[in-house]
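Undergrad: Sequence and computational prediction follow.
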Amino acid sequence: MGKRIENIKKGIDLSKKYSLNEAVALVKKNATTKFDETVEVHLKLGIDIKQSDQQVRGTVNLPHGSGKTKKVAVIAKGEKEKEASTSGADIYGGTDLIDKIAGGFMDFDVLVVTPDMMKDAAKLGKILGPKGLMPNPKSGTVTFDIERTVKELKAGRIEFKADPQGIIHAVAGKASFPEEKIVENVHAVIDAVVKAKPTASKGVYLQSIFLSSSMGVGIPVTLS
């Protein structure tokens, strides 16, 4: 892997910033592993993550999907459990599913919970929290709108959240995607992050953009 990365770096001028189209072309060209690498966009924000009023978190519907079909689990009861069964959820249930997850079941990528079940599901926090799987209203995974949420998650809705360094790391598709689809996905991510700017954030909000594949190097992208 070391030699491969060194060879990739030889073909990239890391001292300059590339247009988004140029960066996408370079990412696709250098995604040479035997599997279809994920394309990632990394946004450095001018926020103080230690301040509660400067947290940045949200969701975005990628126009061309993420390239991965998510396995969605739903905790609900009554009519909402029936709605989960007809909306395409892979796993659904009530307290029985909560107990199953508490016992170690983790065969899902996203968990959606109706608000009336959150009190029962709260005990899963210690298990799901460290894995980033605990439902949260800000990520749209605590909701009564089960049908729409499941369909959006299946179609490519992703969550973004600033890390402790104030950086957003988000999926923008697969290296096998046509360039224009990756570009449109990246634009969707950037637009969503800009709209999520906290009012308490001062100065330059969007400070830098890098594009990479999961096994590639970060390519600086011009902010314009």
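TA: Thanks, I have the structure now.
Undergrad: okay, CA-based contacts and neighbour counts for the rest of this
TA: OK.
Undergrad: So I168 belongs to a strand, correct?
TA: Yes: when classified by DSSP: H, G, I helix; E, B strand; the rest coil, I168 is found to be part of a strand.
Undergrad: the domain parsing of the chain - what is it?
TA: Listed by automatic domain parsing, the domain ranges of the chain are 13-66+157-221, 72-154.
Undergrad: Off-centre distance for the shortest one?
TA: Chain-centre distance of domain 72-154: 17 Å, with CA atoms, centre = their mean, to the nearest Å.
Undergrad: For the nearest residue to K174 once chain neighbours are set aside, report the pLDDT, please.
TA: Nearest non-adjacent residue to K174, counting by CA to CA, 6 or more residues apart in numbering: T38, 4.5 Å away. T38 carries a pLDDT value of 95.
Undergrad: unless I'm mixing things up, T38 is touching H169, no?
TA: No: counting by CA atoms under 8 Å, T38 stays clear of H169, with 12.0 Å between them.
Undergrad: What residues sit buried inside the longest helix belonging to the chain?
TA: Longest helix in the chain, counting residues (DSSP state H): helix 179-195. Neighbour counts over helix 179-195 (16 or more other CA atoms under 10 Å) mark 179, 181-190, 192-193 as buried.
Undergrad: try stretch 26-44
TA: Neighbour-count burial for stretch 26-44, counted by 16+ other CA under 10 Å, picks out 26-28, 30-32, 37-44.
Undergrad: Same question for stretch 117-129.
TA: So for stretch 117-129, counting by 16+ other CA under 10 Å, buried means 117-118, 121, 124, 127-128.
Undergrad: Could you list the low-pLDDT ranges of this protein?
TA: 1, 4-5, 7-11 (pLDDT under 70).
Undergrad: List the contacts of stretch 158-174.
TA: Under the criterion CA atoms under 8 Å, 6 or more residues apart in numbering, residues 36-50, 55-62, 64-67, 139, 182, 185-186, 189 lie in contact with stretch 158-174.
Undergrad: just checking, which of the residues you listed belong to strands?
TA: Assignment to strands by DSSP state E places the following of the contacts of stretch 158-174 there: 38-45, 57-61.
Undergrad: Return the list of helices and strands in contact with the helix or strand hosting N21.
TA: Assigned by DSSP states H and E, N21 falls within helix 20-30. Under the contact definition 3 or more CA pairs under 8 Å, 6 or more residues apart in numbering; DSSP states H and E, helix 20-30 sits against helix 179-195, strand 206-213, strand 219-221.
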